[in-house]
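*Asks:* what shape does this take:
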Amino acid sequence: MSSILSLLQLKGRQAEAVTARDVNLSVTAGAGSGKTRTLVGRYLALLAEGLPLRSLVAITFTEKAAREMRSRIRRYVEELMAERQDSNLWESAFAELDAARIGTIHSLCAAILRAHPAEAAIDPGFEVLEEGMAAVLRAQALDNALVWATTDPDVARLFALLKEHELRRVLNTLLNRRLDAVPAFAALSDDPLAVWSARLAAWLDERLTAQNWRDSLETLASLQARNPHDKLELARRQVLAHWDEVETARAGGDPQTLFASLTALRSATYIGGAKGNWDTGELIAAREAMTMLRAHYDAEIAPLVSKNKPVSWALDQQAAEALPHLRRLFEHTLAEYEQLKEARRALDFDDLEARAVALLENNADVRARWQSEIHAVLVDEFQDTNERQRRIVYALTGFSTPPQPSSCQGEG
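*Replies:* Model (predicted):
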C-alpha cells in the first residue's frame, strides 16, 4: 500500500480516501486537486488487496476520459511490476487490463443489458447510437412530425403560437429529455390552468398574509400626515389604494390585475417625508412600515412579480390551451424517433440508462448477480451524473444512503 501512495504521491486526505474501507466515499475538491489520481490510487489499492480486476468498476464521464484512466492505470501497474514486489499480482492485472470494467456509464449499461437480453426483452445484438447519429435520427423524426402537424387542425394551431424554428427547438428539447418529459406529460392535469391558479393563489397567500406585511399595512392605515401634500403621505395613500386593488383582484381571481397592482404597490413605497408635516413618532413609524414592505416584497414577492420581470397571465392561458396539442405532437415525434431506432435495432444513451435501471431495480436475480460480482464502483466526476445514473450505481453497490464526503487536496 505504501508503494502505491508514494508512487502516486498521495498523502493526507488523499491517502485517507485511498485506504479507507467499509465506507462509501464522496471525494470533493476543486479542479486540478488530484481527484482522478486519488480514484486511480484507490483502484490500485483494491487490486493490491487481492480483489479480482473484473470486480472493480471505474466509471468516467467520456470515452476519452476512460481511455486516459485505463492508460494511467496501465502505466502505474507497469511501474509496480518493475518494483518486483507482488509481481505475480501485478503481472496478472496487467494481462487482464484490456478486460477491465473501465468506461462510461453507458458502456456499463450496454454490458448489463447484453448480459440479460431475455430479462430486458431486447435483441442482444442492438446497436448503441452515438450522440451524433442519435441527433441525426431526432432531426429526421422532427421533420416528419412537423409535416404531420400541418395536417392536423388542432396541432396546427401551435404554429400560430410559435414560429416553426421555435416549435422545432421546443420539440428537440423534449426529445433530448424524453425520460423526464414523458412522465411530466402523463402527470399533466386535464385543466392545467386551474392547477396553476391554485398554486399561484397558495404561493401569494403565504406571502401576502405574512405578519410583518400585514402589520406594516395596518400601521400605514392608522397614520396620517398633517399636511395632505407631504410626499410620504401621498405615497401612503397610494400604497393603501394599490393594496385594496390587490385584495379585490385576489377575491375575483384576476391574476393579471393582481400582478399589476402588486408591482404598482412596490413602486409607490417611499421613505422620505418632512418632519414638520407629521406628529412626533408617526413619521418614524411610517418610514419603518414602508421599509418593511419593501424588504418583504423584494425578498418574497419580487422573484415572481417584479417591474423588471413583468409576467403575463394571458401567456399562461395560451400555454395551458396549447399543452394538449404540444403533447400530441411530442408523442408523434417520439413515435417517429422510436421507429427510426427500431429500423436500426438501436438504443440511444437514454434507452441504455432507462432499461438498465429498470432491469436492476425490478429484477432481484439480476441485481443480486451484479452485486455479487462487483466489489467496488468508482465514479469520476460523480457530480455530473443524473438521477438515473446514480440509481444504477446505487443498485450495483446495494446502498441507498449518500456516500460520506471527503475533501481532497493536492496537485492535479
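*Asks:* low-confidence regions, the stretch 251-400 of the chain specifically.
*Replies:* Confidence mapping of the stretch 251-400 of the chain against pLDDT under 70 gives the ranges 400.
*Asks:* at 90 instead, please
*Replies:* Within the stretch 251-400 of the chain, the segments meeting pLDDT under 90 span 280, 307-312, 380-385, 397-400.
*Asks:* the stretch 1-150 of the chain too?
*Replies:* Ranges of the stretch 1-150 of the chain meeting pLDDT under 90: 1-43, 45, 48-50, 60-62, 76-91, 93-94.
*Asks:* quickly list the domain ranges of this structure.
*Replies:* 2-126+347-407, 136-187+323-344, 210-311 (automatic domain parsing).
*Asks:* between those, which one is closest to residue 317.
*Replies:* domain 210-311 (9.5 Å; CB to CB). No exception for glycine: its C-beta is placed from N, CA and C like everyone else's.
*Asks:* can you add distance to residue 203 and mean neighbour count and give the domains of the chain back as TSV?
*Replies:* Shown next, in TSV, are those (distance: least, CB to CB, whole Å; neighbours: other CB atoms under 10 Å):
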stretch	distance to residue 203	mean neighbour count
domain 2-126+347-407	26	17
domain 136-187+323-344	19	16
domain 210-311	7	16
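*Asks:* now these in CSV, with distance to residue 197?
*Replies:* Formatted as CSV, those follow (distance: least, CB to CB, whole Å):
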stretch, distance to residue 197
domain 2-126+347-407, 30
domain 136-187+323-344, 15
domain 210-311, 7
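*Asks:* compare those and give me the one nearest residue 201.
*Replies:* domain 210-311 (7.5 Å).
*Asks:* now do the closest one: distance to the chain's middle.
*Replies:* A distance of 37 Å separates the centroid of the chain from that of domain 210-311, by CA atoms, centre = their mean, to the nearest Å.
*Asks:* got the end-to-end distance for it?
*Replies:* End-to-end span of domain 210-311 (CA to CA, to the nearest Å): 23 Å.
*Asks:* and for stretch 82-92?
*Replies:* End-to-end distance (CA to CA), stretch 82-92: 14 Å.
*Asks:* contacting residues around it?
*Replies:* In this structure, residues lying in contact with stretch 82-92 by CB atoms under 8 Å, 6 or more residues apart in numbering are 3, 47, 48, 50, 53, 77, 80, 81.
*Asks:* ok, which pair from those residues is furthest apart?
*Replies:* Once CB to CB is applied, the contacts of stretch 82-92 give 3 and 53 as the farthest pair, at 18.4 Å.
*Asks:* mind listing what residue 360 touches?
*Replies:* Counted by CB under 8 Å, 6+ apart, residue 360 has contacts 112, 366, 367, 370, 391, 392, 395, 396.
*Asks:* oh, that last question was meant for residue 103, not what I typed.
*Replies:* So residue 103 contacts 58, 59, 60, 63, 66 (CB under 8 Å, 6+ apart).
*Asks:* residue 355: which of the residues you listed is nearest?
*Replies:* Nearest member of those to residue 355, counting by CB to CB, is residue 59, at 17.3 Å.
*Asks:* tell me the spacing between that closest one and residue 109.
*Replies:* 10 Å (CB to CB, to the nearest Å).
*Asks:* what does residue 211 give?
*Replies:* If you go by CB to CB, the gap between residue 211 and residue 109 works out to 52 Å.
*Asks:* likewise residue 62?
*Replies:* 15 Å.
*Asks:* next structured bit after the host helix or strand of residue 239?
*Replies:* Assessed by DSSP states H and E, residue 239 sits inside helix 231-252. Downstream of helix 231-252, the next assigned helix or strand under DSSP H and E is helix 255-268.
*Asks:* for that next one, packing partners?
*Replies:* helix 192-208, helix 231-252, helix 282-296, helix 313-344 (3 or more CB pairs under 8 Å, 6 or more residues apart in numbering; DSSP states H and E).
*Asks:* on that earlier part again, nearest to residue 381, of the contacts of residue 360?
*Replies:* Nearest member of these to residue 381, counting by CB to CB, is residue 392, at 15.2 Å.
*Asks:* and that closest one, what does it touch?
*Replies:* Neighbours of residue 392 in contact, by CB under 8 Å, 6+ apart: 105, 108, 109, 353, 356, 357, 360.
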